[in-house]
Structures are given as C-alpha cells and as structure tokens.
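Visitor: Below is the structure, and that's it, no one-letter string:
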C-alpha cells in the first residue's frame, strides 16, 4: 500500500502571495533581508524539499515491497525446514520440537461441544 504523498497548502498560499507582492514591485525590498527575491527563493527551496520527500516516500514504498517479498521467501523456507525435520525425524520427535514444531503428544485434542437436548414445548 503506497504512502500518501504530501501536498503543501503553505507553499501554494505563498506562491499566490508572491504573485500579489510582485504586482507592488518586482524588486520589492522591505528591509532587513526581507525581499521578494528571497521569498521566491524560499518558496522554490520548499517545493524542492517537498518533491524530494515525496520521491523518497515512493522509494521507501518500493523498498518495503522488497522486504515483504523477502519475508514471504523466508516464511516459505521456515515451513519447508520444519517439514523437512518432520519428514526426517517424525512429528513426535524431540528434534521436531527443537525446530519449533509441536509434538503430536503435546497437541490438545479438539473438544466437541455436547449437543443439548431441547424439551418439546408444551
């Protein structure tokens, strides 16, 4: 399941504000290093970081698929290894128990519920 990619309402609002500020002056300088050029640069940097973040999420999703495939392979191997021990030593052996199986003698027998008789309605 893919992770949701992030959108930034802050960046989108900043782009609209920058366009509005450009209508005042394309070289707007409000003093103290607060300029329209700096603001636009910060917006572009934010967009770049967001794109990088979303790309890394996609890469992480792909890597998760690799991990899940490996887990499935290992689970199959685990099952086959236990079956091999059962074939070689038997399901009642201590080797089977050492390998992680439950010996036949230690399994609980299923208990069936007794049927209760219903009295006919009078």
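Guide: Perfect, thanks for sending it. Quick caveat: nothing in here was measured; it's all calculated off a predicted structure. Numbering: from 1, shown residues only.
Visitor: where do the helices sit along this structure?
Guide: For the chain, the helices defined by DSSP state H occupy 9-24, 36-89, 94-98.
Visitor: want to throw the ones you listed into JSON lines with distance to residue 2, mean pLDDT and mean neighbour count?
Guide: Yep, even glycine has a C-beta here, placed from its N, CA and C like the rest. Listed next are the helices of the chain as JSON lines, based on distance: least, Cβ to Cβ, whole Å; pLDDT from 0 to 100; neighbours: other Cβ atoms under 10 Å:
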{"stretch": "helix 9-24", "distance to residue 2": "21", "mean pLDDT": "96", "mean neighbour count": "12"}
{"stretch": "helix 36-89", "distance to residue 2": "5", "mean pLDDT": "96", "mean neighbour count": "12"}
{"stretch": "helix 94-98", "distance to residue 2": "41", "mean pLDDT": "92", "mean neighbour count": "13"}
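Visitor: Adding distance to residue 106, write those out as TSV.
Guide: Shown next, in TSV, are the helices of the chain (distance: least, Cβ to Cβ, whole Å):
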stretch	distance to residue 106
helix 9-24	60
helix 36-89	14
helix 94-98	8
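Visitor: Can you say which of those helices is nearest to residue 105?
Guide: With respect to residue 105, and counting by Cβ to Cβ, the nearest of these is helix 94-98 at 9.9 Å.
Visitor: Show the contacting residues for residue 110.
Guide: Contacts for residue 110 (Cβ atoms under 8 Å, 6 or more residues apart in numbering) come out as none.
Visitor: So what does it have for phi and psi?
Guide: Here is the backbone geometry of residue 110 (degrees, to the nearest 10): phi -70, psi 130.
Visitor: about what we covered before: and of the helices of the chain, who's closest to residue 116?
Guide: That would be helix 94-98 among those, by Cβ to Cβ, at 38.4 Å.
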